[in-house]
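> got a predicted structure here, sequence first:
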Amino acid sequence: MKIAASFTLVLCFIALLTHAQHKSLAQINQMAKTGANMFEVSDKLNGDALIDRLAAQRRAFNNNRNATPQLANLPSPEHIFDRSSLTTITFEGLDYYILNNHVIGIKGLELSDEVLAQITDKLLLLDKVQFDYSEKANKEYLNANTNFQNIRNMDRWFFTTLKILNTTVNDIASFTKNENPSLSVATNISKMTQPNIDAWKGKQTDQALVQLAK
């Protein structure tokens with residue numbers, strides 16, 4: 001009887017904890033969609049400056065690298081949207097609310113979960129690709145038989161991916177310049193194709209850059 005009673009208490013505790021977690025997440029999602037009190041509960045980042053910094057670090061390294069760069073001197077790969085805690089990232093004047101690597105809302109816009117999922121997919125794909133190429137370029141530098149042509153290609157695609165990311169957030173911002181910004185974003189985001197990084201590479205013989213993100 002004591003064992004049964006203890007087991008029942010454990011089940012009740014788990015049920016209460018799960019309910020509280022779901023309720024908390026629901027409240028966060030609702031706050032994100034309305035923009036209510038978000039600045040009091042989230043970290044803040046300037047997304048435009050972050051993109052610029054990642055590009056500037058890689059460019060500065062390329063301009064000043066030694067013949068045999070050390071690991072400590074390599075620009076660190078960095079995710080933009082990899083945020084486990086609630087974070088506000090601002091791009092082109094829009095505040096994106098990020099939680100557990102998902103866009104859960106944009107301040108001032110009423111967006112459905114489906115639309116937010118589409119935005120998340122596009123942005124996180126680009127974020128993963130830029131991170132992968134930065135990391136691969138660093139590994140190639142440390143390779144005993146460094147292939148500098150591979151490094152030049154990976155650097156070029158790294159910068160290209162950041163450019164596409166910048167264009168994507170610019171496009172989303174432009175959708176809000178409308179009498180009904182929420183509807184405009186919802187309508188236009190569904191028309192945006194998944195970022196095609198291969199198309200930006202011109203007539204390179206290498207194929208399927210986007211496969212890195214799968």
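Thanks, I have the structure now. Numbers count the residues shown, from 1 in each chain.

> so, low pLDDT: which residues of the chain?
1-41, 66-72, 194-214 (pLDDT under 70).

> now do the strands in it.
For the chain, the strands defined by DSSP state E cover 43-46, 87-91, 94-99, 102-106.

> quick one: closest of those to residue 170.
Across the strands of the chain, residue 170 has its closest neighbour in strand 87-91 (8.1 Å, CB to CB). From N, CA and C alone the C-beta is placed, and that goes for glycine too.

> next, format the strands of the chain as TSV and append mean neighbour count.
Below are the strands of the chain laid out as TSV (neighbours: other CB atoms under 10 Å):
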stretch	mean neighbour count
strand 43-46	13
strand 87-91	20
strand 94-99	22
strand 102-106	23
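
> which one of the ones you listed lies nearest to residue 168?
The nearest among the strands of the chain, by CB to CB, is strand 87-91 at 9.0 Å.

> the closest one pairs with which strands, and in what direction?
Strand 87-91 has these partner strands in its sheet, going by DSSP bridges: strand 43-46 (parallel), strand 94-99 (antiparallel).

> could I get the ones you listed as a markdown table with distance to residue 152?
Formatted as a markdown table, the strands paired with strand 87-91 follow (distance: least, CB to CB, whole Å):
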| stretch | distance to residue 152 |
| --- | --- |
| strand 43-46 | 30 |
| strand 94-99 | 32 |
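
> between the ones you listed, which one is closest to residue 162.
Of the strands paired with strand 87-91, nearest to residue 162 by CB to CB is strand 43-46, at 14.9 Å.

> for residue 151, give me its contacts.
Applying CB atoms under 8 Å, 6 or more residues apart in numbering to residue 151 gives the contacts 137, 140-141.

> redo that, cut-off 10 Å
Going by CB atoms under 10 Å, 6 or more residues apart in numbering, residue 151 touches 62, 65, 136-141, 143.
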